[in-house]
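Q: Structural data only, the sequence is not supplied:
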Ligand code: AP5
């Protein structure tokens, strides 16, 4: 299975990609996670990417396509993958199309996680990652047990640098201008599937499995 999950910041791409990774035993390939890892390791690329991410803008298409090219050539991606947060411009979508044509492995589906923008602010300002388990949590939506599980393991709830109201506003604006046109790209290529991304994590996951054919 080769699929893309795309949608606005906070629509739940990362959450659902992790579920799919468990279900289908395919890697989650998140350009956001890869850029944050580069930033944490302090490489030149990482430092440049960090500044861009903190401003809510997009890292250049050439850098992103280079990273994806390398990642898709790793052995674990041979049997499939779920792309999370890529492509998010028309140039990236075209670049991916060329890359997959080269290796003769077409995309199965591009799933748009559709959600009202007013729900996203709470999801993003409430998002935390547990420093010990790495689990994605939310101070508004996760259960008390899940939050306590992190604290009891000696972990801290870490907030992303770009999850503040000002940067979130910028990210939503960038999404409207650069990523929304990608919806039409996949519709015209007959690959677009849309799911309602509002509801519990389990409900959204059910919808995702349904559009992917069970
Ligand atoms: P990236 O990391 O991709 O961020 P994003 O697209 O803004 O998306 P998010 O990770 O914020 O949200 P998500 O949809 O994954 O939601 P999540 O599951 O976490 O990119 C960050 C930056 O990197 C970009 O701004 C850009 O600078 C750069 N970048 C990355 N890719 C790039 C590219 N291709 N080109 C150029 N630049 C790139 O959920 C959010 C919260 O909601 C969590 O707390 C979660 O627990 C909660 N939640 C999820 N689902 C539900 C639900 N159903 N009900 C209640 N709560 C829920």
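A: Thanks, I have the structure now. Quick caveat, the model's predicted, so the values are computed rather than measured.
Q: Tell me the helices and strands packed up against the helix or strand where residue 205 lies.
A: Using DSSP states H and E, residue 205 falls within helix 201-211. Under the contact definition 3 or more C-beta pairs under 8 Å, 6 or more residues apart in numbering; DSSP states H and E, helix 201-211 sits against helix 13-24, strand 109-114, strand 192-196. Where C-beta positions appear, they are placed from N, C-alpha and C, glycine not excepted.
Q: and if we set it to 7 Å?
A: Here helix 201-211 touches helix 13-24, strand 192-196, going by 3 or more C-beta pairs under 7 Å, 6 or more residues apart in numbering; DSSP states H and E.
Q: Next secondary structure after the longest one?
A: From helix 13-24 onward toward the C-terminus, using DSSP H and E, the following helix or strand is strand 28-30.
Q: What pairs with that next one, parallel or antiparallel?
A: Looking at strand 28-30 with DSSP bridges, its partner strands are strand 81-84 (parallel).
Q: just the helices in this structure please.
A: For the chain, helices defined by DSSP state H occupy the ranges 13-24, 31-41, 44-55, 61-72, 90-102, 117-125, 144-152, 165-174, 180-188, 201-211.
Q: Which stretch among those helices approaches residue 110 most closely?
A: Among the helices of the chain, helix 180-188 comes nearest to residue 110, with 4.0 Å by C-beta to C-beta.
Q: residues in contact with the closest one?
A: Applying C-beta atoms under 7 Å, 6 or more residues apart in numbering, the contact partners of helix 180-188 are 6, 87, 88, 89, 90, 93, 110, 112, 192.
Q: Selection in PyMOL covering whichever of these are buried, please.
A: Only the buried entries of those go into this PyMOL selection, using 16 or more other C-beta atoms under 10 Å:
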select buried, resi 6+87+88+89+93+110+112+192
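Q: How many residues are close by whatever residue of the chain ends up closest to the ligand?
A: Nearest residue of the chain to the ligand: residue 32, at 1.9 Å (C-beta to the nearest ligand atom). Residues lying near residue 32 (other C-beta atoms under 10 Å) number 19.
Q: mind listing what residue 79 touches?
A: residue 26.
Q: which residue of this protein sits farthest from its center?
A: In the chain, the greatest distance from the average C-alpha position (C-alpha atoms, centre = their mean) is reached by residue 152, at 28.1 Å.
Q: Please identify the residues of this structure in proximity to the ligand?
A: 7, 9-15, 31-32, 35, 52-53, 56-59, 64, 85-86, 88, 92, 123-124, 126-127, 136-138, 141, 171, 199-201, 204 (C-beta under 6 Å from any ligand atom).
Q: just the buried members of the residues you listed?
A: 7, 9-15, 31-32, 35, 52-53, 56, 58-59, 64, 85-86, 88, 92, 123-124, 126-127, 137-138, 171, 201, 204.
Q: related to what we said a few turns ago, quick check, distance from the helix holding residue 205 to the centre of its chain.
A: Helix 201-211 sits 16 Å away from the centroid of its parent chain (C-alpha atoms, centre = their mean, to the nearest Å).
Q: Next: stretch 136-143.
A: 18 Å.
Q: try stretch 172-187
A: 14 Å.
Q: as a whole number, average confidence for that stretch?
A: Stretch 172-187 shows a mean pLDDT of 97.
Q: With stretch 69-84 instead?
A: Stretch 69-84 comes out at a mean pLDDT of 95.
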